[in-house]
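Chemist: Sequence plus the predicted model coming up.
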Amino acid sequence: MPRKARTHRPSKKAPSAAAGRSRRWSHQVKTVSTFPPGGLYTQDAQTIARTMASKKVSPKGIGSAIRMVQFFINRAGKNLSAARRRELERAKQILKARSQRG
């Protein structure tokens, strides 16, 4: 007896957890252990890089500092001015250079 060819049917998946979440999830992210000092991201690139590289702010290393700066850039989105974005990108470059050195 020949088998019937199956037709494609969409699978019935359970609704994903992401479907119930807001598109703007980043405002809920809180870091308990490593708060950068208030107003840090308004400073110059050297100050941001130096502070973020400290063990007090980034106990897991410079990679963690780079991710925190990038997260801030992503979270600020279109509200970040071009000049401020350039300064934060410069801070990231300084941190990357520091991590490659040593």
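Modeler: Great, that's in hand.
Chemist: pLDDT weak spots in the chain?
Modeler: The model of the chain has pLDDT under 70 over residues 1-34.
Chemist: Give the other helices and strands that the helix ranked longest in the chain contacts.
Modeler: Ranked by number of residues, the top helix in the chain under DSSP state H is helix 82-101. Contact here means 3 or more CB pairs under 8 Å, 6 or more residues apart in numbering; DSSP states H and E; on that basis helix 82-101 packs against helix 45-52, helix 62-76. Where you see a C-beta, it was placed from the backbone N, CA and C, and this is true even at glycine.
Chemist: Using PDB, list the CA coordinates for the shortest one.
Modeler: What follows is helix 45-52 as a C-alpha-only set of coordinates in PDB (Å, rounded to 0.1, in the frame of the first residue of the first chain):
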ATOM      1  CA  ALA A  45      36.800  59.200  26.200                       C
ATOM      2  CA  GLN A  46      40.000  58.900  28.300                       C
ATOM      3  CA  THR A  47      38.000  59.300  31.500                       C
ATOM      4  CA  ILE A  48      35.400  56.800  30.400                       C
ATOM      5  CA  ALA A  49      38.000  54.200  29.400                       C
ATOM      6  CA  ARG A  50      40.000  54.700  32.600                       C
ATOM      7  CA  THR A  51      37.000  54.400  34.900                       C
ATOM      8  CA  MET A  52      35.400  51.500  33.000                       C
END
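Chemist: hmm, who's touching it?
Modeler: 36-37, 40-41, 43, 57-58, 62, 65-66, 68-69, 87-88, 90-91, 94-95, 98 (CB atoms under 8 Å, 6 or more residues apart in numbering).
Chemist: try it again with 7 Å
Modeler: Contact with helix 45-52 is made by 36-37, 40-41, 57-58, 65, 68-69, 87, 90-91, 94-95, as judged by CB atoms under 7 Å, 6 or more residues apart in numbering.
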